[in-house]
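Undergrad: Prediction below, plus the sequence it came from.
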Amino acid sequence: MSTTIQAPTPAPGGSKTPRPGVGPVQRNRLIASSRPWLLLAPALAVLAVLLLWPLIRVLLFSLQDYGLREIVSGESNWIGLANYGEILADPTLWGVVLPNTVGFAVLAVAGTVALGTGVAVLMASLGGFWRTVVGSAIMIAWAMPAVTGTYVWVWIFDADRGIFNEALQAVGLQDEPVNWFTNRFSFYAIVLLNVIHHGFPFVAITVLAGLLGVPKEMLEAAEMDGAGPWRRFFQVIVPNLRQVFSVVIILSTIWDFKVFAQVYLMPGGNGTNREALNLGVWSYVESFGQNRYGFGSAIAVLLTVLLLIITVIYVRALLKEDEL
C-alpha cells in the first residue's frame, strides 16, 4: 500500500518566505558606530560650554549697541549689522589694522617655520645626548610665558637702557639712543623677533619627530643618485613631511593672526600708538577701553571668520594636492 505525500497548500493570498531577521545586526552596527561619539560626548559637552557658548554670546553682542548702560540695565539694544558696517567703513581697518595683522602673520609664520625646520634638521644630525640637550634648551623658550618674554624684548630695545641701543652706540653706528617702538615697522620687527623666538621650538620638535620617521633608505638612495643636501631636503624630506608642515603652518597661522600680549605689552601697543593696532588689540581697546563691547565683539567675529577662511582655503589646497 503506497502513501502519497502532498505538498502543503499555500495560504490564500500567497504567503512569502519570511526573511531572516536583520534587527540584531543593525543594532550591533548602530552601537559600534555610536560608541566613539559616546566616548567623546563628555569632552564635546565641556568644549561646547567653554568655547561654543562664549562664541555664540560674542556673535549676539556684535549685533547690539552693547555698552555700560546695557550691562547695568540688562536690556538689549539690537542694531543688526550696523557694527560690521562701521568697521568696514573705518579707514583704520584698511590702512592700519588689516595690513598689520596680515603682514605680520605672513612674516611670523614664514620665520617660525623656517627657523624651526632648520633647528630640527640640526637636531636630527646630532647624537642622542646632544639632541636631548638642544631640545631641552629650546623648550625653555617655548615654556616661557608670553608676558615674560615680551618684557625681556622690551628691555633689550629700551630707548634709555636697552642693550641694543648701547651696542649700536658702542660701535659708532648711532650717536644717540633711538626709540624703536614709535615707528610702526620697527615696532613690528621687535614683535616679530619675540613671536618667532617663542614659537620656533614647537615647530622644531614637531618637524624633528617627522624627520626621524623618514626612511633612511630613501635618503641614501637619493645621495647615491647624486642629490645634494638641498635637493634631498626638498625632493625627499619635504614630500614625506607634508602633513607635518600642514599642521604646524595652520597652527602657527592661527596663533600669529590673533597675537595679542606680544603687541599690547609693548610700549605704545595698548592703543596709544594707533599705527601699531592689529585686530586683536583693536577689539580689546574698543571693548574695554571705549566700553563699546558690541563693536569690539564684531571685530572679534571678523577675526574668527578671517581665520576660518584662511584655514579652509589652505586645507582644500592640500587636499587637491593629495588627489593629484
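TA: Happy to help now that I have it.

Undergrad: contacts, neighbours, all on C-alpha from now
TA: Fine.

Undergrad: so where's the stretch 1-150 of the chain shaky on pLDDT?
TA: Judged against pLDDT under 70, the low-scoring parts of the stretch 1-150 of the chain cover residues 1-23.

Undergrad: Helices along that one, start to end?
TA: Shown for the stretch 1-150 of the chain, the helices assigned by DSSP state H, counting those that start in this stretch span residues 23-47, 53-62, 68-73, 82-89, 91-92, 98-124, 128-143, 146-156.

Undergrad: mind checking which of those helices is nearest Ala209?
TA: Ala209 sits nearest to helix 98-124 of all the helices of the stretch 1-150 of the chain, at 8.6 Å, using Cα to Cα.

Undergrad: Can you list the buried residues in that closest one?
TA: Of the residues in helix 98-124, those buried by neighbour count under the rule 16 or more other Cα atoms under 10 Å are 98-102, 104-105, 108-121, 123-124.

Undergrad: Specify the angle between it and helix 128-143 in degrees.
TA: Following axes from the mean of the first three to the mean of the last three Cα atoms, to 10 degrees, one obtains 160 degrees for the angle between helix 98-124 and helix 128-143.

Undergrad: what packs against helix 98-124?
TA: Contacts defined by 3 or more Cα pairs under 8 Å, 6 or more residues apart in numbering; DSSP states H and E place helix 98-124 against helix 128-143, helix 184-211, helix 242-257.

Undergrad: Distance from the chain centre to that helix, please.
TA: Counting by Cα atoms, centre = their mean, to the nearest Å, helix 98-124 is centred 13 Å from the centre of its parent chain.

Undergrad: Same check on stretch 306-323?
TA: Going by Cα atoms, centre = their mean, the spacing between the C-alpha centre of stretch 306-323 and its chain's C-alpha centre is 13 Å.

Undergrad: same deal with stretch 119-129?
TA: The mean C-alpha position of stretch 119-129 is separated from the chain mean by 26 Å, Cα atoms, centre = their mean.

Undergrad: and the end-to-end length of it?
TA: Stretch 119-129 has an end-to-end distance of 16 Å (criterion: Cα to Cα, to the nearest Å).

Undergrad: hmm, who's touching that stretch?
TA: For stretch 119-129, the external contacting residues (Cα atoms under 8 Å, 6 or more residues apart in numbering) are 131, 134-135, 204-205, 207-208, 211-212.

Undergrad: Now restrict these to buried residues only.
TA: In terms of neighbour count (16+ other Cα under 10 Å), the buried residues within the contacts of stretch 119-129 are 131, 135, 204-205, 207-208, 211.

Undergrad: and Ile237, which of the helices of the stretch 1-150 of the chain is closest to it?
TA: Ranking the helices of the stretch 1-150 of the chain by distance to Ile237, with Cα to Cα as the measure, places helix 98-124 first at 10.2 Å.

Undergrad: Outline the domain layout of this structure.
TA: According to automatic domain parsing, the chain is divided into the following domains: 23-53, 92-323.

Undergrad: out of these, deepest packed?
TA: domain 92-323 (a mean of 17; mean count of other Cα atoms under 10 Å).

Undergrad: ok, now how distant is Ile254 from Phe234?
TA: Counting by Cα to Cα, the gap from Ile254 to Phe234 is 25 Å.

Undergrad: Ok, Gly296 next?
TA: Taking Cα to Cα as the measure, Gly296 and Phe234 are separated by 44 Å.

Undergrad: what about the residue nearest to the spatial centre of the chain, distance to Val247?
TA: In the chain, the C-alpha closest to the average C-alpha coordinate belongs to Ile254, at a distance of 2.5 Å (Cα atoms, centre = their mean). Plainly put, Ile254 is 11 Å away from Val247 if you go by Cα to Cα.

Undergrad: do Glu220 as well
TA: Relative to Val247, Glu220 is positioned 27 Å away (criterion: Cα to Cα).

Undergrad: ditto for Gly268
TA: With the distance defined as Cα to Cα, Gly268 ends up 33 Å from Val247.

Undergrad: Ok, Ser62 next?
TA: Looking at Ser62 against Val247, where the rule is Cα to Cα, the gap reads 31 Å.

Undergrad: Equivalent analysis for Pro99, please.
TA: Counting by Cα to Cα - Pro99 and Val247 are separated by 25 Å.

Undergrad: Okay, angle between the longest helix along the chain and helix 242-257 too, please.
TA: With DSSP state H setting the assignment, residue counts place helix 293-323 as the longest helix in the chain. With the same axes, to 10 degrees as the criterion, the two stretches helix 293-323 and helix 242-257 enclose an angle of 160 degrees.
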